[in-house]
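Novice: using only what follows, build the 3D model:
(chains A and B)
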Amino acid sequence: MNDNVHALIGAYAVDAVTPDERADFEAHLSACEDCSAELVGLREAAATLGEAEAVTPPASLRASVLDEIGRTAQLPPLTEDDAPAARDAGGPVPLAQERHARRERHLWPRLAVAAAVASVLAVGGLVGSTLMADREDQLALEKDVMMVTSAPDAKSMDLGLGTAHLVVSEKMSSVVAMGDDCPHPKDGMAYQLWLVMDDGSKEAGPTFMPDSDGTFMTMVHMDMDGVTAIAVTEEPMGGSAEPTSTEVAVVGL
Amino acid sequence: MSANGSERRLRAVPADRDGAHPDRHRDARGDADVLADLLVRTGRGDQAAFERVYDALAGTVHGLALRIVRDPQLAEDVAQEALVEVWRAAARYRPEHGSARAWVLTITHRRAVDRVRSEQSHADRLMNHGPRHAVAAAEQLEHPEEVVEAMDAQWRAARVRKGLETLTPLQREALELTYYKGYTNKQLAESLGIPLGTAKARIRDAMIRLRDTWEAAR
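Specialist: As a prediction, this is how the structure comes out:
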């Protein structure tokens, strides 16, 4: 267990950890001087990676930040009595993280969620059922999907991937795709949804990957004005900004 | 512009450079001490100190946020959240545990990655596919500090490129997916089809190599 946590140091330094892993590692950190010492160097390296990206921020940012700090109370310093992890981690634990860390994780029993509700730009291919392990995200998706499928103007259509179907609601500005015996894409590939616009352009939608039973569910939230069809292609993991293969399914709206 | 820039830069460098030729790494060290001091003062409620921290790091904070979340509006939100968090938590910064820059960018990176992972931001981004706001050149020059920042950025970017070149392609890919795209180690393992232990080790090896390269260059 301890070795396991220790091995996370690189991932921790680049935030490639779940909230639970972060909490575990920070607990480990307070007891492991080697890790604390190593982390300092890795943090510096991560920061150096980050600083190559410097761009001039909008001038409005300065005013907004200075305005907001004028209204923001500061935290007191941590002392020896406080949680050592918070001291040694080299950064404060944002409140959202603390909340996440305490949240219990449950697996969504019914639907293996195969993809985040996401644009490919954003998510760069968060594919695979365990990736939605966070219960709040799952519930949020489930709720959104229910809202769409129960919308008064919801239209259901065959997608042509196994028994998968689409539900479109203009009122909810959403498209849901789901199915339970969807064939798998080729190795190394994932499916990606596209919204075909009336000028022929295609808006990138989320990637999705059926689980071992072929079950998947994904959703796109977007103004449906001007969307004439929904298409699916196979794309490299992570998805593409433009389709790179021919459609495996196209459904006109 | 460059005259103004060098003047600002010289002022930021401490005088006790023991006669060595002025190389940029040494300058960066001097800046690092100044910045650590400013951040400590920020923690005691010194708003003027915070403004100087802002001027030194906002470009990096914003750039990193933009690289990760991609959407300019979201990036601005993330940058603002991160910078306000810097103010809020500054009293918890401990110079002996690392540089001010690393502390600020740790906060920023975590915020940006959280944002990318949050479902809502994905939905927002899709809804918001209109024309992007571009920063006007005039706006960019409003604060001379930002010009210094832009000059620094050039050599910093070159240094980062050099570091990345020392990595294997697999290591670079691992950092691209985790550091810049917000994958967790499990997501990395699954998307590459490698065992979890391999994924963790690959990230760590990559970071250790970067650390060693950059420490050697100082």
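Novice: for the residue of chain B found nearest chain A, which non-adjacent residue is spatially closest?
Specialist: Nearest residue of chain B to chain A: residue B:204, at 2.8 Å (Cβ to the nearest Cβ). Any C-beta I mention is one placed from the backbone N, CA and C, and that applies to glycine too. Take residue B:204 and drop its neighbours on the chain: the residue closest to it by Cβ to Cβ, 6 or more residues apart in numbering or on different chains is residue A:10, 2.8 Å away.
Novice: can you spell out which residues form a bridge with the residue of the stretch 151-253 of chain A found nearest chain B?
Specialist: Evaluated by Cβ to the nearest Cβ, the stretch 151-253 of chain A has residue A:221 as its residue closest to chain B, separated by 4.0 Å. Counting by DSSP bridges, residue A:221 is bridged to residue A:174.
Novice: count of neighbours near it?
Specialist: When counting by other Cβ atoms under 10 Å in any protein chain shown, one arrives at 23 neighbours for residue A:221.
Novice: name the element the residue nearest to residue B:204 belongs to?
Specialist: Using DSSP states H and E, residue A:10 sits within helix A:9-13.
Novice: show me where the chain dips below the pLDDT cut-off.
Specialist: By default, I'm working from chain A. Residues of chain A that meet the criterion pLDDT under 70 lie in A:1-3, A:80-140, A:143.
Novice: let's do chain B instead
Specialist: B:1-29, B:119-153, B:218.
Novice: okay, helices next: where are they in it?
Specialist: B:2-12, B:24-43, B:47-69, B:72-89, B:100-117, B:119-127, B:137-140, B:144-165, B:169-175, B:185-192, B:196-217 (DSSP state H).
Novice: just name the most buried of those helices.
Specialist: Most buried of the helices of chain B, by mean neighbour count (mean count of other Cβ atoms under 10 Å in any protein chain shown): helix B:100-117, with a mean of 25.
Novice: please name every helix or strand in contact with that helix.
Specialist: helix A:33-51, helix A:95-102, helix B:24-43, helix B:47-69, helix B:72-89 (3 or more Cβ pairs under 8 Å, 6 or more residues apart in numbering or on different chains; DSSP states H and E).
Novice: in JSON lines: those, plus distance to residue B:160.
Specialist: Formatted as JSON lines, the helices and strands packed on helix B:100-117 follow (distance: least, Cβ to Cβ, whole Å):
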{"stretch": "helix A:33-51", "distance to residue B:160": "6"}
{"stretch": "helix A:95-102", "distance to residue B:160": "27"}
{"stretch": "helix B:24-43", "distance to residue B:160": "13"}
{"stretch": "helix B:47-69", "distance to residue B:160": "11"}
{"stretch": "helix B:72-89", "distance to residue B:160": "19"}
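Novice: figure out which of these is closest to residue A:198.
Specialist: Evaluated with Cβ to Cβ, those place helix B:72-89 nearest to residue A:198, the distance being 25.8 Å.
Novice: relative to helix B:24-43, how tilted is the closest one?
Specialist: 70 degrees (axes from the mean of the first three to the mean of the last three Cα atoms, to 10 degrees).
Novice: helix B:72-89 packs against which elements?
Specialist: When contacts are defined as 3+ Cβ pairs under 8 Å, 6+ apart, helix B:72-89 sits against helix A:59-69, helix B:24-43, helix B:47-69, helix B:100-117, helix B:119-127.
Novice: for residue B:75, which of these is the nearest?
Specialist: When the helices and strands packed on helix B:72-89 are ranked by proximity to residue B:75 (Cβ to Cβ), helix B:47-69 comes first, at 3.8 Å.
Novice: OK, contacts around residue A:159?
Specialist: Going by Cβ atoms under 8 Å, 6 or more residues apart in numbering or on different chains, residue A:159 touches A:165, A:166, A:177, A:179, A:230, A:232, A:249, A:251.
Novice: phi, psi for the fourth one please.
Specialist: Summarising the backbone geometry of residue A:179 under the convention degrees, to the nearest 10, its torsions are phi -170, psi 170.
Novice: check the gap between it and residue A:7 for me.
Specialist: Using Cβ to Cβ, to the nearest Å, residue A:179 is found at 37 Å from residue A:7.
Novice: ok, the two, which is more surrounded?
Specialist: Taking other Cβ under 10 Å, residue A:179 and residue A:7 do not tie; residue A:179 has more neighbours (22 against 19).
Novice: I'd say that one and residue A:165 touch.
Specialist: Yes - using Cβ atoms under 8 Å, residue A:179 is in contact with residue A:165, at 6.5 Å.
Novice: element containing residue A:195, please.
Specialist: Per DSSP H and E: strand A:189-197 holds residue A:195.
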